[in-house]
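Chemist: fold the following and give me the result.
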Amino acid sequence: MSKLIETGEKERLKEILRQKLVECGWRDELKEYCKEVIRSKGLEKITVDELVAEITPRGRATVPDEVKTELLQHIRKFLQAT
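Modeler: This next block holds a predicted model:
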């Protein structure tokens, strides 16, 4: 993990992940889900921590397998090169 941080690879991987999640529509879908949760619970009645706890499982579960696979390939390639 320290190699990922020292070389800046961790930040590069995070940026790749962000781009892929936007491209596949995951970000927009999760944003809509957040809005639904806020509407159903009420803006004044939900905290940020509660919202995060509510959406995190769905967010993790809905990341497309292609995105996970591509990120894993990038990590393996980095590890083989070091």
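Chemist: who's in contact with Y33?
Modeler: Applying C-beta atoms under 8 Å, 6 or more residues apart in numbering, one finds that Y33 lies in contact with 55, 58. In short, each C-beta sits where N, CA and C put it, glycine included.
Chemist: for S2, see how far away it is.
Modeler: Y33 sits 35 Å away from S2, going by C-beta to C-beta, to the nearest Å.
Chemist: what sits against the residue nearest to E70 when sequence neighbours are not counted?
Modeler: Closest residue to E70 apart from its sequence neighbours, by C-beta to C-beta, 6 or more residues apart in numbering: K20 at 6.6 Å. Counting by C-beta under 8 Å, 6+ apart, K20 touches 67, 70-71.
Chemist: quick one: the residues you listed as TSV, columns for neighbour count, distance to Q80 and pLDDT too.
Modeler: Converted to TSV, the contacts of K20 look like this (neighbours: other C-beta atoms under 10 Å; distance: C-beta to C-beta, whole Å; pLDDT from 0 to 100):
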residue	neighbour count	distance to Q80	pLDDT
V67	17	21	97
E70	14	16	96
L71	16	15	96
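Chemist: next step: those restricted to helices.
Modeler: 67, 70-71 (DSSP state H).
Chemist: how far away from the center of its chain is stretch 25-36?
Modeler: Put simply, stretch 25-36 sits 12 Å off its chain's centre (C-alpha atoms, centre = their mean, to the nearest Å).
Chemist: could you list the buried residues of whichever strand or helix holds I16?
Modeler: Using DSSP states H and E, I16 maps to helix 9-23. Within helix 9-23, the residues that count as buried by 16 or more other C-beta atoms under 10 Å are 9-10, 17, 20-21.
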